[in-house]
Structures are given as structure tokens and as C-alpha cells.
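Participant: pasting the sequence and the predicted coordinates here, then a few questions.
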Amino acid sequence: MPGCLYQPGMKLFSPLLAIALAGCSVVGIRTGTPEPAYKVLAKAGPVEIRQYQPRLAASVTVPGDEISARGAGFRRLAGFIFGGNTAQKSIEMTAPVEQSAQKIAMTAPVAQTQDASGAWTITFYMPANYTLATLPKPNDPGIRIETVPSETYAVYRFSGIPGAGAVNQAEKILFANLKTSPWRQIGPLVAWFYDPPWALPFVRRNEVAVPVARD
């Protein structure tokens with residue numbers, strides 16, 4: 001699979017977050033949001049070849065179509081982030097959401113992949129200050145916590161509303177550029193989303209990515 005995170009003031013932001021948790025066709029908060037560390041190794045046209053460092057992830061697998069599964073998975077993971085864990089039963093949605101022993105900040109991006117059965121896995125990447133030993137355990141038994149190893153991805157970035165058609169078109173561009181590069185796909189495709197649903201389409205950051213190795 002393969003992944004979203006907050007630092008902005010949330011007094012004004014809280015009602016909007018509630019809408020995100022309820023509707024959630026797109027997820028992620030980009031402004032002031034930490035992301036997993038990576039280094040750009042090369043480019044293949046508009047595609048970046050990125051090497052990511054190991055990172056901690058919380059994932060949940062849900063059935064449904066691409067968009068409804070994204071929303072359902074986000075809501076379950078957000079429940080874990082905002083209090084549904086062994087360290088804190090309830091976290092008030094006020095400014096700001098912080099990183100501490102009892103609060104888990106979100107990070108960008110949210111990741112989405114599909115398995116052979118047609119189910120979708122949604123993933124949040126955890127802040128870098130946590131380890132498997134220190135991260136609070138989710139109350140939801142369907143949420144998995146695991147360490148994602150260092151990986152190299154080919155990544156294509158696009159804007160707009162990330163519906164199934166837009167993601168599919170981005171995939172075609174990604175693979176077309178890989179064909180003429182020395183990089184080959186070695187793992188499943190993943191989609192990453194960075195912005196909340198109220199973000200204007202032309203400023204949204206979305207990405208499709210595949211693990212790659214150099215020929």
C-alpha cells in the first residue's frame with residue numbers, strides 16, 4: 001500500500017473538520033502539516049523518483065467503491081487519531097491538535113490502495129516522534145499499526161478533485177513516463193491525498209505512486 005496532519009489553529013477550523021469527518025470525499029490537511037521524509041533521486045518527465053525513509057503507519061481495510069471506502073477509512077482512522085486509543089478516550093477538536101504522549105497529530109498524505117478482493121486500504125502515516133512502543137494503541141481492532149520500510153517510489157502529482165476518473169488518468173501518465181525511463185514497477189499502485197474537501201480544486205495536491213527499482 002500503501003497515508004494526513006494538523007498544526008493550524010482549529011477554533012475556526014473545527015466545524016470544517018466535522019464536515020470532513022462526516023462527508024470525507026477527499027482527505028488531508030496540507031498547511032503546516034508534516035510529511036514522511038524523502039529525497040528526490042531522479043525525474044522521468046513529470047514523474048519524481050523519491051526515496052522514502054522508514055515510517056510508522058496506521059491502516060484500515062474497508063469494502064466499497066473507491067470514494068466511499070476512502071471516506072469510511074478516513075473516519076475510522078480519524079477516530080483513532082482524535083481519542084479512540086489507549087492514551088486518551090476523548091480529544092477536544094480545538095486549536096491546535098498537538099503531538100504529545102496523549103495526542104496524535106495527523107500527517108500527510110493519506111494513502112489508498114486496493115487489494116485482490118476489491119477492498120481498499122486507507123493509511124495515515126504517524127508523526128516521526130512515535131515508535132511502535134510509544135504510539136497509543138487503537139481501540140478499533142480493525143486498525144493495524146506497522147512500520148513501513150524505506151522504499152523508492154515513482155510519483156506523479158496532479159491537482160483537481162481526485163475522483164476515480166482523475167486518479168485513473170494520473171495513473172496512465174505515471175506509467176507512460178515510466179516506460180521510457182530506467183525505472184520499473186515492483187509493487188502495487190497507491191494514491192495519496194493531501195487536502196481537505198473544501199480546498200479549491202486547482203490548489204489541491206494529489207499523487208499516484210508505485211514502488212520502483214532501477215534496471
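Facilitator: Noted; the coordinates are in hand.
Participant: got a list of contacts for stretch 175-189?
Facilitator: Contact with stretch 175-189 is made by 1, 42, 44-47, 49, 113-114, 151, 154, 156, 171, 174, 208-215, as judged by CB atoms under 8 Å, 6 or more residues apart in numbering. In short, each C-beta sits where N, CA and C put it, glycine included.
Participant: quick check on these: which are buried?
Facilitator: Among the contacts of stretch 175-189, those buried by neighbour count (16 or more other CB atoms under 10 Å) are 1, 44, 47, 49, 113-114, 151, 154, 156, 171, 174, 208-212.
Participant: give me the lowest-pLDDT entry from those residues.
Facilitator: Lowest pLDDT among those: M1, with 37.
Participant: neighbours around P162, how many?
Facilitator: By the criterion of other CB atoms under 10 Å, P162 has 29 neighbours.
Participant: so who does the nearest residue to it once chain neighbours are set aside touch?
Facilitator: Spatial nearest neighbour of P162, excluding adjacent residues (CB to CB, 6 or more residues apart in numbering): N206 at 4.4 Å. Contact analysis of N206 by CB under 8 Å, 6+ apart lists 157-160, 162, 166-167, 170, 191-195.
Participant: got these as JSON lines, with pLDDT columns?
Facilitator: Putting the contacts of N206 into JSON lines (pLDDT from 0 to 100) gives the following:
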{"residue": "R157", "pLDDT": "95"}
{"residue": "F158", "pLDDT": "94"}
{"residue": "S159", "pLDDT": "92"}
{"residue": "G160", "pLDDT": "90"}
{"residue": "P162", "pLDDT": "79"}
{"residue": "A166", "pLDDT": "92"}
{"residue": "V167", "pLDDT": "88"}
{"residue": "A170", "pLDDT": "95"}
{"residue": "A191", "pLDDT": "87"}
{"residue": "W192", "pLDDT": "87"}
{"residue": "F193", "pLDDT": "83"}
{"residue": "Y194", "pLDDT": "80"}
{"residue": "D195", "pLDDT": "74"}
